[in-house]
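Engineer: Mind folding the following:
(chains A and B)
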Amino acid sequence: MDGAAILERVRARFGPGVVDAHDHRGDHTAIVARDALLSVLVWCRDEPALAFDMLTDLTAVDYLQYPGREDGPRFEVVYHLYSVPHNHRLRVKVRVEEDDAVVPSAVALWPIANWFEREVWDMFGVRFEGHPDPRRLLMYEEFVGHPLRKDYPIDRRQPLIGPGT
Amino acid sequence: MAEPTQREFVLGEGTGGGGQNLLIGLGPSHPAMHGIIRITAELDGETFVRADVEIGYLHRAFEKDCEVGGWNNAIPYTDRLNYVSPLINNFGYCAAVEKLLGIEVTERCKYIRTIMAEISRVCDHLTCVGATAMELGAFTAFLYMIKAREYLWELVEDVTGARLTISYGRVGGVKADLPDGLAGKARHAFKETREVLDEVHRLLTGNRIFVDRMVGVGALTREETIAYAITGPMLRAVGVPYDVRRAQPYDVYDRLEWVIPTQRDGDNYARYLVRMAEMEQSMRIVEQALAMIPGGPINVDSAGRAIDPAAYVDRGKQGKTEGLLLVPITLSPNLEGQQRAELARVNVGDKRVVLPPKANTYGSIEGLMNHFMLIMEGHGIRPPQGEAYVPVEGANGELGFYVVSDGSDRPYRVRCRPPCLPPMAALHRMIEGEMVADLIPTFGSVNMIGGELDR
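Structural biologist: Sure, this is the predicted structure:
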């Protein structure tokens, strides 16, 4: 199914749950409300005509310094879905505010979300509600802050704390 | 319950009430880990009951570093993602930025990217299979395969000038054209590689020790492989013929004849067979591409106009200085104004993507300014606001770059989707219930590359 038709179906199914959609450079993208996120993802995975059985990637973007979006919701969590049987792709995004940076976890849908969500928590400080193992992935536990946030200075130094100190 | 004897307690031995699971840490620098990870494992005797894989020891802020330099500054960092096949990373990143800019590279460049990416893929598979065999005791196979890789790395060196930190890709093209005589050298290298593959096949494929250690070990089901988003040889080893080169063709893969090797069992042996078969396919691709490669320019500017390669590097800079001594200097045609019309394109304000020919940079103020505008901080390539995701088939699976531009000269966000992160996330599923010694071939077949896993 081509991207426009997929977006059409998602819109028809979820109505106001889909906040916005675009196909910039041919990447079809649905921006969904946080309340609708899990039901959109479940439906995308289980609807036979879509069958997005692979969560290719899950990441986030911090829009703190993006021109024109300084006041909007700070984070976008980005899901890249791929369907092995149908060979089509969809990007699903959800926007979250800084003071309420929580997104429902998709670990129950795709086990790979476990590590991807741990990485997003580690790098951006976006929490995933219902995550079974919410530890950092790449940084060490004693690390303070979330390095991929735009207000985290790249030259900040932190002491390396070994185990047992 | 009876108190366990000391022997039962320490070694986890014994039967009945005295049994107790043993918690051990493997790594971060265990000799069997050819990358730096740590596995905290709960063992029942010699069997993994539970395993927790901990990564991040090679984290060096790749994604954060990309945000502080220009778009082209990220290219050397991408070399260090998968350091066995860095060319594929280069081209993947460049393709993502080109998609943001909305430009398409020239025909010749597409062929060059295909050829170089496939040579890298063979190098990667050779390293992976060779290392796995070595860890199982087959040191000969490792030496043979590294010998074959040496021939291929010589090709890479001929083209890029480096063996590993190649930085050969450029947004809008590649650094330089292919050298003369590459096809002949590739023929020779492939002949040697095929001989090695043939030898390794005879050494390993039916080898009792190798087969015993690989068959049925580290297996994943088809459903679980997909649910863990595992791609590449490991997905093809469970019988899913998914390959980005075929599913969403880029460069010139759709014009060449090749097949996607698959297996059914999803164990380490199946992964080994897939990799062995893929090397032959990659060499087929390179041979066809070398026969079909057209002439013509390799770089385009941001408007998609081709730039003449002959203008790129002048003879003296290539080191071809013989016969140049005492030759009267001829003025560049630029200085006589013959190319003024063309140079109008490269004046300040024209947001070109690729650096101007060096002769222009040194020979005319316009060229110098163009160079300046691309190199100096605050200038450079400026893709329009937006986002793009581009997958390419890395040696370990789908390598994706998700780039976000805010319209400035620096990437707002560069996300690399590393192909070996999903199999590492599923590693505990592959080793639980198996013996400690089975970790070695399984870890080898996952082909963990710390550079891209930890970024």
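
Engineer: switch to C-alpha atoms for all contacts and neighbour counts from now on
Structural biologist: Noted.

Engineer: how close does residue B:70 sit to residue B:405?
Structural biologist: Relative to residue B:405, residue B:70 is positioned 11 Å away (Cα to Cα, to the nearest Å).

Engineer: Stretch B:95-102 and chain A, are they touching?
Structural biologist: Yes - under the criterion of Cα under 8 Å from any Cα of the partner chain, chain A is reached by stretch B:95-102 at B:99, B:100, B:102.

Engineer: rewinding a little: any residues in contact with both of residue B:70 and residue B:405?
Structural biologist: The contact sets of residue B:70 and residue B:405 overlap at residue B:411 (Cα atoms under 8 Å, 6 or more residues apart in numbering or on different chains).

Engineer: Just the ones of the residues of stretch B:95-102 next to chain A in helices?
Structural biologist: Among these, the ones falling in helices (DSSP state H) are B:99, B:100.

Engineer: who's in contact with the residue in chain A positioned nearest to chain B?
Structural biologist: Of the residues in chain A, the one nearest chain B is residue A:138, at a distance of 4.0 Å by Cα to the nearest Cα. Contact partners of residue A:138, counting by Cα under 8 Å, 6+ apart, are A:119, A:122, B:55, B:56, B:57, B:59, B:454.

Engineer: most neighbours, which of the residues of stretch B:95-102 next to chain A?
Structural biologist: With neighbours taken as other Cα atoms under 10 Å in any protein chain shown, the top of the residues of stretch B:95-102 next to chain A is residue B:100, carrying 23 neighbours.

Engineer: Kindly provide the distance from it to residue A:2.
Structural biologist: 20 Å.

Engineer: For the lengthiest helix in chain B, enumerate the helices and strands it packs against.
Structural biologist: Longest helix in chain B by number of residues (criterion: DSSP H): helix B:107-135. Judged by 3 or more Cα pairs under 8 Å, 6 or more residues apart in numbering or on different chains; DSSP states H and E, the packing partners of helix B:107-135 are helix B:86-101, helix B:139-160, helix B:268-292, helix B:439-446.

Engineer: so which of those gets nearest residue A:94?
Structural biologist: helix B:86-101 (21.3 Å; Cα to Cα).

Engineer: Point out the other elements, helices or strands, that the closest one touches.
Structural biologist: helix B:74-79, helix B:107-135, strand B:169-170, strand B:386-394, strand B:397-405.

Engineer: Please put the alpha-carbon coordinates of it into PDB.
Structural biologist: Backbone C-alpha positions of helix B:86-101 (Å, rounded to 0.1, in the frame of the first residue of the first chain) are rendered in PDB as follows:
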ATOM      1  CA  PRO B  86      32.800   2.200   6.800                       C
ATOM      2  CA  LEU B  87      31.900   3.000   3.200                       C
ATOM      3  CA  ILE B  88      28.300   1.900   3.600                       C
ATOM      4  CA  ASN B  89      27.900   4.200   6.600                       C
ATOM      5  CA  ASN B  90      29.300   7.100   4.600                       C
ATOM      6  CA  PHE B  91      26.900   6.500   1.700                       C
ATOM      7  CA  GLY B  92      23.900   6.000   4.000                       C
ATOM      8  CA  TYR B  93      24.400   9.300   5.800                       C
ATOM      9  CA  CYS B  94      25.000  11.100   2.500                       C
ATOM     10  CA  ALA B  95      21.900   9.600   1.000                       C
ATOM     11  CA  ALA B  96      19.900  10.900   4.000                       C
ATOM     12  CA  VAL B  97      21.100  14.400   3.600                       C
ATOM     13  CA  GLU B  98      20.600  14.300  -0.100                       C
ATOM     14  CA  LYS B  99      17.000  13.200   0.500                       C
ATOM     15  CA  LEU B 100      16.600  16.200   2.700                       C
ATOM     16  CA  LEU B 101      18.000  18.500   0.000                       C
END
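
Engineer: tell me the angle of it relative to strand B:397-405?
Structural biologist: 40 degrees (axes from the mean of the first three to the mean of the last three Cα atoms, to 10 degrees).

Engineer: The closest residue to residue A:154 other than its chain neighbours: what's it in contact with?
Structural biologist: Nearest residue to residue A:154, sequence neighbours excluded (Cα to Cα, 6 or more residues apart in numbering or on different chains): residue B:64, at 7.2 Å. Shown in contact with residue B:64 (Cα under 8 Å, 6+ apart): A:147, A:148, A:154, B:413.

Engineer: Confidence-wise, which of those residues comes last?
Structural biologist: Least confident by pLDDT among these: that is residue A:154, with 86.

Engineer: I'd assumed residue B:82 was in a strand, is it?
Structural biologist: No - per DSSP: H, G, I helix; E, B strand; the rest coil, residue B:82 lies outside any strand segment and is coil.
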